[in-house]
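Student: pasting the sequence and the predicted coordinates here, then a few questions.
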Amino acid sequence: MTSSRGAVLRGADQPYVLETVEINAPRPDEVLVRVVATGLCHTELLARKGMFGPKFLPAILGHEGAGVVEQVGSAVTAVVPGDHVVLSFDSCGQCRACARGLPTSCASFELLNLTGTRADGTGSARDADGNPLTSRWFGQSSFSEFALATARNVAKVDKGAPLELLGPLGCGVQTGAGAVLNQLRLAAGESVVIFGVGAVGLSAVLAARLSGAGEIVAVDLSPARRELALDLGATRAVDGADPDLARLLVTQGRFDASLDTTGVGTVMATAVNVLDRPGSCVLLGAGRDTLTVHPTVLSGRSVTYGFEGGSIPSIFIPRLVDLWQRGLFPFDRLIRTYPLAEINQAEADAAAGVAIKPVLLMHDHPSGSWALPRT
């Protein structure tokens, strides 16, 4: 067992509380990671809405961890103690999708990532009184100084890259960039419209620029985020509250591709309706709304939901790190850091739109936007 300081959420209407928790020793296929920093994702906010059942809380959340391998199980060969890793989503490695190199389509994706337990129903941490905690959130639960992951959801990264920065590559940034690069495979000169430019949407903007897209349109309610999208590579920004939004978007022609990060039913329908034929839409938002379109609208158009940008973390995350190091993918522009003790402020800032991508640092560090020279 390893003692660890972790942020525990005990009730949907309660703040996170820092507690001393006990993390289990790794099983043969598991990896114990000393977490340096972890991103706070919108999906964490859903835990407060009862979407994961009445027994989900109390929980250690966090699924964008980055840190150093402390210990590995007897069957782990991909990483060794001392390696720097980013923690991402988990997958079984045994189903037909995993065998085909499609871990985001894993037959056990929801079981391994959204229940907060292993496939056998167990967790990996207990509180100071010995009570079990939901502690396998996305196979990591990284709002803690130590996290237990599996060999399949750790991605080894260059030790020269700052772990304080890399955590969001494990989910939010990977989802937006992967939707463009892995799923849409946007070609040079093609057009894309992105609905909702928070961390996921802005990562998609960065990837679309990297792809050489001819038109990149950002749609959002926030003027500040629309302005940042333009600064990061969008060619046009549109107010999502415009009552004539759909018509306004297609004044220069329909789109080869669209992305929705909002999860709002009417917005998702608009994302499909503004497509050209052929055209492709990837839905990325998390929520309870449904997509409603007339079947004929789908003629010549494809729509899919994009778990984690269709990525293989061990391949895609190091690729994003390399692009950042070369100055081609400045996702650091999205990040604001907080010490772990300020997790409740970070959550409030994320919900209010003050912070695009909060990152929690496990050791004391002043809050602020991330800034690091790139070569």
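Tutor: Here it is on my side, so go on. Please read these numbers as outputs of a predicted model, since none were measured by experiment. Residues are numbered from 1 along each chain as shown.

Student: got a list of what Trp137 touches?
Tutor: Taking C-beta atoms under 8 Å, 6 or more residues apart in numbering, we find Trp137 in contact with 59-63, 113, 116. Where C-beta positions appear, they are placed from N, C-alpha and C, glycine not excepted.

Student: quick check: Thr77 vs Pro28, distance?
Tutor: Distance of Thr77 to Pro28, computed by C-beta to C-beta, to the nearest Å: 11 Å.

Student: now the two most distant members of the contacts of Trp137.
Tutor: Ile60 and Asn113 (14.4 Å; C-beta to C-beta).

Student: the two: which has the busier surroundings?
Tutor: Neighbour totals were compared for Ile60 and Asn113, and Ile60 leads with 29 against 24 (other C-beta atoms under 10 Å).

Student: name the SS class of the nearest residue to the more buried one once chain neighbours are set aside, please.
Tutor: Closest residue to Ile60 apart from its sequence neighbours, by C-beta to C-beta, 6 or more residues apart in numbering: Ser141 at 4.1 Å. Put simply, Ser141 is coil when judged by DSSP: H, G, I helix; E, B strand; the rest coil.

Student: sorry, back to before: filter the contacts of Trp137 to the buried ones?
Tutor: With neighbours counted by 16 or more other C-beta atoms under 10 Å, the contacts of Trp137 contain buried members at 59-63, 113, 116.

Student: okay, and which of these map to helices?
Tutor: Asn113 (DSSP state H).

Student: what's the closest of the contacts of Trp137 to Asp242?
Tutor: His63 (34.0 Å).

Student: ok, that closest one - contacts?
Tutor: Contacts for His63 (C-beta under 8 Å, 6+ apart) come out as 38, 41, 43-44, 87, 89, 113, 137-142, 170-171.

Student: which stretches in the chain count as helices?
Tutor: Using DSSP H, helices in the chain cover 42-46, 96-99, 109-114, 163-166, 172-178, 199-211, 223-232, 245-249, 265-273, 313-325, 343-352.

Student: in this structure Val80 contacts Gln71, no?
Tutor: No: checked against C-beta atoms under 8 Å, the pair Val80 and Gln71 is beyond contact range at 9.9 Å.

Student: who has more neighbours out of those two?
Tutor: Counting neighbours by other C-beta under 10 Å for Val80 and for Gln71 shows that Gln71 has the greater number, 17 against 12.

Student: what about the closest residue to that one other than its chain neighbours, neighbour count?
Tutor: In space, and not counting its chain neighbours, Gln71 is closest to Leu32: 4.2 Å by C-beta to C-beta, 6+ apart. Neighbour count of Leu32, defined by other C-beta under 10 Å: 22.

Student: show me the beta-bridge partners of Leu32.
Tutor: Gln71, Leu148 (DSSP bridges).

Student: in terms of pLDDT, where does it sit?
Tutor: With respect to pLDDT, Leu32 scores 98.

Student: who's in contact with the nearest residue to Ala269 once chain neighbours are set aside?
Tutor: Distance criterion C-beta to C-beta, 6+ apart; nearest residue to Ala269, sequence neighbours excluded, is Val293 at 5.4 Å. Shown in contact with Val293 (C-beta under 8 Å, 6+ apart): 269, 272-273.

Student: swap in Asn273?
Tutor: Neighbour list for Asn273: 246, 293, 297 [criterion: C-beta under 8 Å, 6+ apart].
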